[in-house]
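> how would this look folded up:
(chains A and B)
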Protein chains: 2
Amino acid sequence: MPVRPENAYQARLLRLLRDEGPRSRAELGEAVGLSRSKVASELDRLTELGLVESAGLAASRGGRRSSIVQLSSDIRFVAVDIGATSIDVAVTTGQLEIVRRASEPLDVSQGPKAVLSEVLRLAEKLRAEETLHDLHGAGVGVPGPVSFRDGVPVSPPIMPGWHRFPVRDVLTQALGCPVLVDNDVNVMGLGERHAGLARSVDDFLFLKIGTGIGAALFVDGRCYRGVDGSAGDIGHISVDAAGPPCACGNIGCLEAYFGGAALARDAAAAARSGSSPFLAERLARAGQLTAADVAHAVATGDPAAMELIRNGGRRVGQVLAGLVSFFNPGLIVIGGGVAGLGHALLAEIRAVVYRRSLPLATSNLPIALSELGKDAGVVGAARLISDQVFAVESPPALLPGERV
Amino acid sequence: MPVRPENAYQARLLRLLRDEGPRSRAELGEAVGLSRSKVASELDRLTELGLVESAGLAASRGGRRSSIVQLSSDIRFVAVDIGATSIDVAVTTGQLEIVRRASEPLDVSQGPKAVLSEVLRLAEKLRAEETLHDLHGAGVGVPGPVSFRDGVPVSPPIMPGWHRFPVRDVLTQALGCPVLVDNDVNVMGLGERHAGLARSVDDFLFLKIGTGIGAALFVDGRCYRGVDGSAGDIGHISVDAAGPPCACGNIGCLEAYFGGAALARDAAAAARSGSSPFLAERLARAGQLTAADVAHAVATGDPAAMELIRNGGRRVGQVLAGLVSFFNPGLIVIGGGVAGLGHALLAEIRAVVYRRSLPLATSNLPIALSELGKDAGVVGAARLISDQVFAVESPPALLPGERV
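The predicted model follows:
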């Protein structure tokens, strides 16, 4: 197993170098509140452990030139983003920059054995190109509910055969490094926190609109998962008690109105009813419609497609407005495949939230589309595991509710 | 100004003694992870500062008997619970036990000067009976939104004249001790956390159903206030877009359906329509009805009153079900005046939440009525200020998102 920092100062130095890049010894000492000699001894120890290295001398600040330190260029993380119909595997540096990447179409319903052996095959392929480097950990996102503590999916609706499959333990064994598993929405939220719009916002919501709809909550810069790991699972919040039936067995759930599946259904209905010649032609050609077809229709100015987006955006906005009053976040980032519908969807969501949430909670609340796009998943997966690897193994015991 | 702990170990010792009561030096050393000699020197320093004192010798554990330590019996906190129509002031020990208490009917709409001078009069009266003790701080709850950082109410609907009035600074000046101000729902939630059902639950929701409806969110044992301090303000979440108009200008808000004001309105309507002879008689006698009348009607088995509770409970449950899916708490505690409606209300709320939230989020979710009742406000106010007083003045700088 790879080495870990030995104390909280070393952990802080590693995270600082991960998030801010190379820094002089003097800057690092100031940032973590250590004297010049103390920071030097912690950095020397991190160098011995192979976690940091020298990167030359800083520009003079008047006295002796301070030397620049960076994370060891040998550090590698594996980041895995398992989607409903594809897997993405990346290798990153300690600073979570993607150095290699591979992607395969593969349906998650093939089950854990088939999917994880493909994950391992891709990871091995990428590692073979990086033989000189040390694998320090792997982060994994899966498209369903996860018990974060146990590292297993829990009753994931679109992942037959994965219920309580020991994903974390199987990959830990196979890769020989620490592994963490979380649901894809939390992982994408971590990506936004690391390198996206939420970089400087501690309390925010990430909203994924894909085949389904889910949220990730961040409190004080950390992902809040709830007591059972199901926090943010908003796809089945009731929008209208007299609404359409949902696949979950209830009626009027948000996902019964919007998300990739509902959108494909409504687009097909619009095509068949004759209200959208554009969608009718696409349907005739392909036999089915997807959110991407609706996006194309919107781009051509198709009124029926615009109406679908407006209706969906209104429903999402309706749920989000309540959550904003409740949670009072500092930012909402919207990502996922359906977010590709872009500004028409965003405009509708904004209109409802700004009109319907508590004024105090929206006076200064940006709602924006993700800028990371497809990278959010792998960057977030690398961030997930690096947060564990760049922390002391057993943090000092805190009293309940205490923060010292 | 009173003394504060000088380092994180001292702060941890003080909180441990506050929450767990007198402890032997040996137990304290184990709990905070300090050697026998180190914990002795921290406790000696806290004794010099007048914050802890000896309380005799512990039972023998085989070797030398360890001496018992407790918070200094000289420590006093003032706890203030400003309600819509009354003020409660209490004096507590360092362990937040109420030693003296006074209460006056006073309408908060009288404005900050009248209300705060009455608060100070009661506080002075109680302190005069406690002349030998040191006032270490005061916590204050007010019935409206608060900027916690600034210590001022912000556009509080039922508190005319209070908008941005410097409640914290005025009381700090007058009392000569640290003061913190928060909204009444957060303060009641802190009371539940300290001495109620949430004592051992880190992530929970406190729901207050009084004249209005509000929630307090606890994450990791700490109150989460949101970026503008408005988190938990759920009274104006939309329940039905085609619902009745709300005092806030929107339609179909939760408070337009339930809470003390809506209940009084609906009870009067039931009385006038002849559907409840019990309520009709009460209305004729008193000229108006309150939630207490409905509670009495329910106690006599009045079907119209039962129906009001069921309808209200269903609406509250509907909103709560969505929040449970989103937040995945480990416990929900329901308090406030209308909670006096008791088990009929609780049963309806439970039925909707358990049926309508994500199964994973409710498989192990107790929903219970507060056991603290009227004490929740003052206990929470004392807890609020003690959390600040029993902490180091400026905690060591943490990196963004870091917990060491």
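
> A:A102 is in contact with A:V89, isn't it?
Yes. Taking contacts as C-beta atoms under 8 Å, A:A102 lies within contact range of A:V89: 5.2 Å. For the C-beta atoms, the positions are set from N, CA and C on the backbone; glycine is no exception.

> what's around A:G176, how many residues?
Residues lying near A:G176 (other C-beta atoms under 10 Å in any protein chain shown) number 12.

> Those residues of the stretch 51-200 of chain A touching chain B, which are they?
A:P145, A:V154, A:S155, A:R193, A:S200 (C-beta under 8 Å from any C-beta of the partner chain).

> rewinding a little: of A:A102 and A:V89, give the one with the bigger neighbour count.
Higher neighbour count among A:A102 and A:V89: A:V89, with 27 against 15, using other C-beta under 10 Å.

> hang on, that one in a strand?
Yes. Using DSSP: H, G, I helix; E, B strand; the rest coil, the assignment for A:V89 is a strand.

> anything in contact with each of A:A102 and A:V89?
Jointly contacting A:A102 and A:V89 under the rule C-beta atoms under 8 Å, 6 or more residues apart in numbering or on different chains are A:L122, A:L126.

> residues near the closest residue to A:N183 other than its chain neighbours, how many?
Using C-beta to C-beta, 6 or more residues apart in numbering or on different chains and skipping the chain neighbours, the partner closest in space to A:N183 is A:V146 (4.7 Å). Using other C-beta under 10 Å, A:V146 has 28 other residues around it.

> For A:V146, give me phi and psi.
When read as degrees, to the nearest 10, the backbone of A:V146 gives phi -130, psi 140.

> For it, which residues are in contact?
Contact partners of A:V146, counting by C-beta under 8 Å, 6+ apart, are A:V152, A:P153, A:V154, A:P156, A:V181, A:D182, A:N183, A:G229.

> 10 Å - rerun?
By C-beta atoms under 10 Å, 6 or more residues apart in numbering or on different chains, the residues touching A:V146 are A:140, A:152-154, A:156, A:162, A:167-168, A:180-184, A:186-187, A:225, A:229-230.

> Please apply the same query to A:S386.
For A:S386, the contacting residues are A:14-15, A:18-19, A:71, A:75, A:77, A:79, A:92, A:94-96, A:136-137, A:139, A:180, A:190, A:194, by C-beta under 10 Å, 6+ apart.

> One more pass at 6 Å, please.
Contacts for A:S386 (C-beta atoms under 6 Å, 6 or more residues apart in numbering or on different chains) come out as A:F77.

> Just confirm it is within a helix.
Yes. Assessed by three-state DSSP, A:S386 belongs to a helix.

> Low-confidence ranges, chain A, go.
Applying pLDDT under 70 to chain A flags the ranges A:1-2, A:61, A:132, A:339-340, A:394-404.

> Domain ranges for it, per the record?
Under automatic domain parsing, the residue ranges defining each domain of chain A are A:8-71, A:75-192+A:376-389, A:200-371.

> Tell me how far the first one lies from the chain's centre.
Here the centre of domain A:8-71 is set off from its chain's centre by 29 Å, with C-alpha atoms, centre = their mean, to the nearest Å.

> And for the second one?
Here the centre of mass of C-alpha atoms in domain A:75-192+A:376-389, compared against the chain's by C-alpha atoms, centre = their mean, lies 12 Å away.

> how about the most centrally placed residue in chain A, secondary structure?
The centre of chain A sits closest to A:M188, judged by C-alpha atoms, centre = their mean, with a distance of 1.2 Å. Secondary structure state of A:M188, per three-state DSSP, is helix.

> how close does it sit to chain B?
When distance is defined by C-beta to the nearest C-beta, to the nearest Å, A:M188 is 16 Å away from chain B.

> What segments of the stretch 201-350 of chain A are strands?
Taking DSSP state E, counting those that start in this stretch as the test, the strands found in the stretch 201-350 of chain A are A:204-209, A:213-219, A:222-224, A:332-335.

> Just say which of the ones you listed is most tucked in.
Mean neighbours per residue, mean count of other C-beta atoms under 10 Å in any protein chain shown, is largest over the strands of the stretch 201-350 of chain A for strand A:204-209, with a mean of 28.

> helices or strands next to that one in the packing?
In this structure, strand A:204-209 packs against helix A:184-195, strand A:213-219, strand A:332-335, with contacts taken as 3 or more C-beta pairs under 6 Å, 6 or more residues apart in numbering or on different chains; DSSP states H and E.

> so can I have CSV of these showing distance to B:A216?
Compiled in CSV, the helices and strands packed on strand A:204-209 are given as follows (distance: least, C-beta to C-beta, whole Å):
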stretch, distance to B:A216
helix A:184-195, 24
strand A:213-219, 14
strand A:332-335, 22
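
> Go through chain A and flag its longest helix.
Assignment by DSSP state H gives helix A:303-327 as the longest helix of chain A.

> Now do it against helix B:303-327, angle only.
Put simply, helix A:303-327 runs at 100 degrees to helix B:303-327, going by axes from the mean of the first three to the mean of the last three C-alpha atoms, to 10 degrees.

> and helix A:303-327, which residues are buried?
Burial within helix A:303-327, assessed by neighbour count using 16 or more other C-beta atoms under 10 Å in any protein chain shown, is assigned to A:304-306, A:308-309, A:311-327.

> Got the phi and psi for the spatially closest residue to A:G322 that is not a sequence neighbour?
In space, not counting the residues next to it along the chain, A:G322 is nearest to B:I237; the distance is 4.1 Å by C-beta to C-beta, 6+ apart. Note on B:I237: its backbone torsions stand at phi -70, psi 140 [degrees, to the nearest 10].
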